[in-house]
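J.: I would like the atomic coordinates for the input below:
(chains A, B, C and D)
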Amino acid sequence: MRSKFKQLGLGLALAAFAGVGQLALAAGKPDPLPIEEIGRIESLPASYPEDWVLVDEAAFFSMYGGKVIIMDIGEKEHPKRMKGTMSKAMLGSFTQSPKRGEYYIIESFHERGSRGKKFDVLVIYNKQTLEVQKEIMWPTDRLQSLPEKFSMAVSKDERFLYVANFNPAASFSVVDLETREIVDTIGTPGCVLTYPTGKRSVTSICSNGGLLTTVLDKNGKLKSRKRIKPFFDTDNTPIFERPVIVDGKAYFPSFKGLMHVVDLSGSVAKYRGSWDMLSDEQKAGNWRPGGLGLAGRDDKGHYYVIMHPDGAEGTQTHGGPEVWVYDLKKKKRIRTIAAPRWAVSIGVTRGKTPKLIVTNGEMNLDIFDATSGEFIQTVSDFGNITPLLIHKSY
Amino acid sequence: MRSKFKQLGLGLALAAFAGVGQLALAAGKPDPLPIEEIGRIESLPASYPEDWVLVDEAAFFSMYGGKVIIMDIGEKEHPKRMKGTMSKAMLGSFTQSPKRGEYYIIESFHERGSRGKKFDVLVIYNKQTLEVQKEIMWPTDRLQSLPEKFSMAVSKDERFLYVANFNPAASFSVVDLETREIVDTIGTPGCVLTYPTGKRSVTSICSNGGLLTTVLDKNGKLKSRKRIKPFFDTDNTPIFERPVIVDGKAYFPSFKGLMHVVDLSGSVAKYRGSWDMLSDEQKAGNWRPGGLGLAGRDDKGHYYVIMHPDGAEGTQTHGGPEVWVYDLKKKKRIRTIAAPRWAVSIGVTRGKTPKLIVTNGEMNLDIFDATSGEFIQTVSDFGNITPLLIHKSY
Amino acid sequence: MKFLDRLFEKSARNVAQRSSRRGLLKGLGAVLVGGASVPLLPVARAAAPAAPEHPVEEGDPASCDYWRYCAVDGFLCQCCGGTYNSCPPGTEMSTITWVGTCRNPVDGRNYVISYNDCCGVGQCGTCLCQRDERDRPLYRSDKSNDINWCLGSKSYVYNCSTAIVVGLAFDQ
Amino acid sequence: MKFLDRLFEKSARNVAQRSSRRGLLKGLGAVLVGGASVPLLPVARAAAPAAPEHPVEEGDPASCDYWRYCAVDGFLCQCCGGTYNSCPPGTEMSTITWVGTCRNPVDGRNYVISYNDCCGVGQCGTCLCQRDERDRPLYRSDKSNDINWCLGSKSYVYNCSTAIVVGLAFDQ
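T.: Next comes the predicted model:
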């Protein structure tokens, strides 16, 4: 049926065009606009400009429609900001391999929307065409939660992808990015998430306040496990599970502003102690870190974190009115950036003139010069409902 | 794995409860709150109150998440308004059988969100439990468009369900609601939609400005076809494809306010002429009908339609600032109801004290007393993004 | 400041915060199982009617500051066609979940509240309530409301959250 | 008044209406096929470069009042990672579609515009534009923008709409 219509349409379109030359001639006007090509699709550069970011739109009000939106947050003209989109259904997770030029999304579906068999799929995208390169049907339940940067990670050499599972037994699966096959699924009893460690290890954070490092062999299979003893109390001195990694060290602030340092540069994680993020005065005001994607870093290795005053039990997830910037070597705050429309999550772009991106209380993006703290613009109206994580581009 | 956790949880919950009696005794306080049942699900009455309506939420910004929301629009307290929800993916269509106490939704899916094989499913719901009774995989492409009341219909005796298809060849399928099987799929060349006609006929509206009635036999299979000659010019004097049916007659206003009447009470549709909805003065002001679900009726048979001044080519879909009410027998406007926040679609509840529901310009629902025109309340914040059709309940 | 509340100007819901930190449930494993506990229920039901003084609570179960919601993060089923302890029609109640410990202001006791999600259909989309008191990150999954707890139900699609009394806290 | 424009206060887009009614395309069948017309294109391309005077247009293709959008109803691909006549990365262009007849204000000619949808991924969600001039209900499917024209593509999921010149209107 369809091909029949195509033939009909083609014939008629040709007939329509046949009249063009005559009309132009008769009127003495410039030639009419040419008939244009149909089917053109845009593509993206192999290396994205520094101001481009990938926004994890969790779509909390309609989770079927989650997506990753590629945005130029430095662009002043709204229509030029959005560069492309990938689907990310039911709180899907996103990560990327800069070297391979690939994006990884693991997402979930039921056969019929909210009904029928549920299954998870890992999808590999080409970053220039945003075309699906491969879909890998998942053998278990991936970890499905509010967006977490470390529910997926790539190994240092970008050979392996680690994906957290939770059903509610916790494990992670290892995907060989060369062969695009799952090579192992490894249990992490009582521990979750996949912090990339050393060359081929994965560290997870545990219900006892310690860590678990899973060491892989060169093929990505389980080689050994090592538990790191508890360094915090999950009830009374909890830490955020969302570290920022700088020079091989992972920085985990506690709810109350004690910064724990974990060395992930070797084959097994090592706890490196803690330091206080707050002065006595700040403590008196109950200043605390908090938010969802609450922290980030720039290429200088400076640490950015959302802070709020009057902290109390329950405020840890609610964001704050300021972003504080720390020199991690000096263990010292070096500046503060006011977030007048509130901050729930943040991101920092790469390069010498980094921008700070703040998901504000209205779920729009406020853009600041990360060095001067100067407000640049608000980016909104790009299909954003709950843009809860901001990823750097490469 | 899961059953193991269940056992653990059960044991611990029992242990927790064991302490209750002792504590109460010791404190001399009233007994503590009892442990509550887990797993209770609400259900709805067999016959809904008159003020309940079914809102077709098209979810134009995230079509995967379309739904039908059952709302008590007379209720003053927000938390008591929403009664239940059914999914309706990718511009799904909705209709109902009052006698059978069933709802019908035909919706579309890809195997993986926006990728993989696409398929359509007809879903039969029980109106009290909102549980799926049966899913029928669809043999062709249903008509997928902005919400249309007559893309589905039930026969007068509620034995058969008619569902419009479009791929882009137009047809409809007949479902036997007794056996819940498809009995026939019947082509309607150049004609679309399913206006129920007589006992077992279906009338469609055609690209030549005429109609086509398909007569079915007692088993729901094609018996004969009859074309009704054109009564309007689809280019120059177009009509809305959204009739309101009163006493077996379908009322189709033209874009410019000429009301065409089609008798659907017999086995074949009959054109019954037209009458002018507008006075000369109203015509001078270019008052015209317009909107999406632009018209409705009450149990007295009065006709409600959204009107706008300064009509022009293109304004026909944009809604208007007033609802006009007509006595169809007298062919006369009997009152006007101002819609101060604009009207895009309307619905009218059943019963002796009908309410007029207006989907306003902010995509909230403004509720009016349909008889007095008095504004009652605005209903918002119920997951509404694009609530484009309002269905009566039974 | 709860970020999701600020999403839609449409929402007029004013979500007050309550501090309800006394009474900490200890000793549970990684996951508390809320559902399918049929053998448990007769015990509870038998105890309650025989009590000389009726157990009491007060407050508005459609309001985010209702006492049971101290650790909630989601849409309140009370506004979605369900109630504070039952699911809307056409959904199912999750069998595994997270718990909080909330203080009933009437009797001063701390109760273990199971926040069983209702699953299926799609997100309810109203009465969003984010309290998060004693909510913990994913590494304490028994207390983490960031996880999609429809995990394990027939439908993994989150609709709304209930708040069900499942016991008294141990360390009161 | 275009109802979908008023949806989100976030959207600052001011959508002006234009009246562009001259030039009515007649005689097409039920459906105009926009895509896969490879044999057609060399004709167009050969004619254009040889023209003594260059064909011209003006206006902002990101604005709803751009001349080509006279019959559009949807998200403008120009804002979605595509352009007025190309699709965003990762989507595909529909092969069947509806058409409008719009007047190019520069040369005064009426052109047939094919509103090929870009399909896949999900709705773009910005630059919503509803003009609907000479849009007709479903019974004139060749001119109806209420239909999901991703019908027939690999993905039936609507992302955004382009506006492609496919010819001059007959009855100019």
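J.: Which helix or strand in chain A has the lowest average pLDDT?
T.: Ranking every helix and strand in chain A by mean pLDDT, DSSP states H and E puts helix A:2-18 at the bottom, with a mean of 35.
J.: And the helices in chain C?
T.: Under the criterion DSSP state H, helices of chain C are mapped to C:41-50.
J.: Could you tell me how many residues sit around A:Asp310?
T.: Using other CB atoms under 10 Å in any protein chain shown, the number of residues around A:Asp310 comes to 11. (C-beta placed from N, C-alpha, C; glycine too.)
J.: same check, this time on A:Gly319
T.: 27.
J.: That one and A:Met363: what is the separation?
T.: The spacing between A:Gly319 and A:Met363, counted by CB to CB, to the nearest Å, is 11 Å.
J.: likewise A:Val305?
T.: 20 Å.
J.: the more surrounded of those two?
T.: The neighbour comparison of A:Val305 against A:Met363 (other CB under 10 Å) goes to A:Val305, with 29 against 22.
J.: Contact partners for the more buried one?
T.: Contact analysis of A:Val305 by CB atoms under 8 Å, 6 or more residues apart in numbering or on different chains lists A:253, A:277, A:289, A:294-295, A:323-324, A:326, A:346.
J.: Name the member of these that has the highest neighbour count.
T.: Result: A:Ile346 is most packed of those (other CB under 10 Å), 28 neighbours.
J.: So which residues of chain C form strands?
T.: C:32-33, C:73-75, C:92-93, C:96-97, C:99-103, C:110-114, C:117-119, C:128-130, C:158-161, C:164-168 (DSSP state E).
J.: Pull up the pairing partners for the fourth one, direction included.
T.: Listed by DSSP bridges, the sheet partners of strand C:96-97 and their directions read strand C:32-33 (antiparallel).
J.: Excluding residues flanking it in the chain, which one is nearest A:Gln96?
T.: Nearest residue to A:Gln96, sequence neighbours excluded (CB to CB, 6 or more residues apart in numbering or on different chains): A:Tyr103, at 5.0 Å.
J.: same thing with C:Arg136?
T.: Nearest non-adjacent residue to C:Arg136, counting by CB to CB, 6+ apart: C:Lys143, 4.3 Å away.
J.: isn't that neighbour right up against C:Val112?
T.: No. Using CB atoms under 8 Å, C:Lys143 is not in contact with C:Val112; the gap is 11.0 Å.
J.: Any regions of chain A where pLDDT drops low?
T.: Counting by pLDDT under 70, chain A has low-confidence residues at A:1-28.
J.: what do you get if the cut-off is 80, keeping everything else the same?
T.: A:1-29 (pLDDT under 80).
J.: For the stretch 101-250 of chain A, which segments are assigned as strands?
T.: A:102-112, A:115-126, A:132-137, A:152-154, A:160-166, A:170-176, A:181-187, A:191-197, A:201-206, A:211-216, A:222-228, A:244-246, A:249-253 (DSSP state E, counting those that start in this stretch).
J.: my hunch is that A:Met307 is in a strand, does that hold up?
T.: Yes. Judged by DSSP: H, G, I helix; E, B strand; the rest coil, A:Met307 forms part of a strand.
J.: A:Tyr64 should be in a helix, yeah?
T.: Yes. Counting by three-state DSSP, A:Tyr64 is part of a helix.
J.: Please report the distance of it from A:Lys127.
T.: Here the criterion is CB to CB. By it, A:Tyr64 lies 24 Å from A:Lys127.
J.: who has more neighbours, these two?
T.: Ranked by neighbour count (other CB under 10 Å), A:Tyr64 and A:Lys127 place A:Tyr64 first, with 29 against 26.
J.: ok, and the closest non-adjacent residue to that one?
T.: Here the residue nearest A:Tyr64, using CB to CB, 6+ apart, is B:Tyr64, at 3.5 Å.
J.: The one you found reaches A:Gly65, doesn't it?
T.: Yes. Using CB under 8 Å, B:Tyr64 makes contact with A:Gly65 at a distance of 5.0 Å.
J.: who touches both of the two?
T.: Common neighbours of B:Tyr64 and A:Gly65, using CB under 8 Å, 6+ apart, are A:89, D:122.
J.: List the contacts of A:Val358.
T.: Counting by CB under 8 Å, 6+ apart, A:Val358 has contacts A:323, A:339, A:341, A:343-346, A:365-368.
J.: Neighbour-wise, which one of those leads?
T.: In terms of neighbours by other CB under 10 Å, the contacts of A:Val358 top out with A:Ala343 at 33 neighbours.
J.: List the contacts of it.
T.: Applying CB under 8 Å, 6+ apart, the residues near A:Ala343 are A:291, A:306, A:319-323, A:358-360, A:366.
J.: Just send those residues back as a markdown table, with secondary structure too.
T.: Output for the contacts of A:Ala343, formatted as a markdown table (three-state DSSP):
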| residue | secondary structure |
| --- | --- |
| A:Gly291 | coil |
| A:Ile306 | strand |
| A:Gly319 | coil |
| A:Gly320 | strand |
| A:Pro321 | strand |
| A:Glu322 | strand |
| A:Val323 | strand |
| A:Val358 | strand |
| A:Thr359 | strand |
| A:Asn360 | coil |
| A:Asp366 | strand |
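J.: Look at A:Phe231 and say how many residues are nearby.
T.: A:Phe231 has 18 neighbours, counted by other CB under 10 Å.
J.: Ramachandran coordinates for it?
T.: Main-chain dihedrals, A:Phe231, degrees, to the nearest 10: phi -120, psi 0.
J.: quick one: contacts for it?
T.: Listed by CB under 8 Å, 6+ apart, the contact set of A:Phe231 reads A:209-210, A:260, A:271, A:274.
J.: hang on, the earlier thing: just to be sure, which of the contacts of A:Val358 are found in strands?
T.: A:323, A:339, A:341, A:343, A:345-346, A:365-368.
J.: Please identify which of those is nearest to A:Leu193.
T.: Of all these, A:Leu193 sits closest to A:Ser345, with 17.2 Å by CB to CB.
J.: got a list of what the closest one touches?
T.: Contacts for A:Ser345 were tallied using CB under 8 Å, 6+ apart; they are A:291-294, A:306, A:319, A:358-359, A:387-390.
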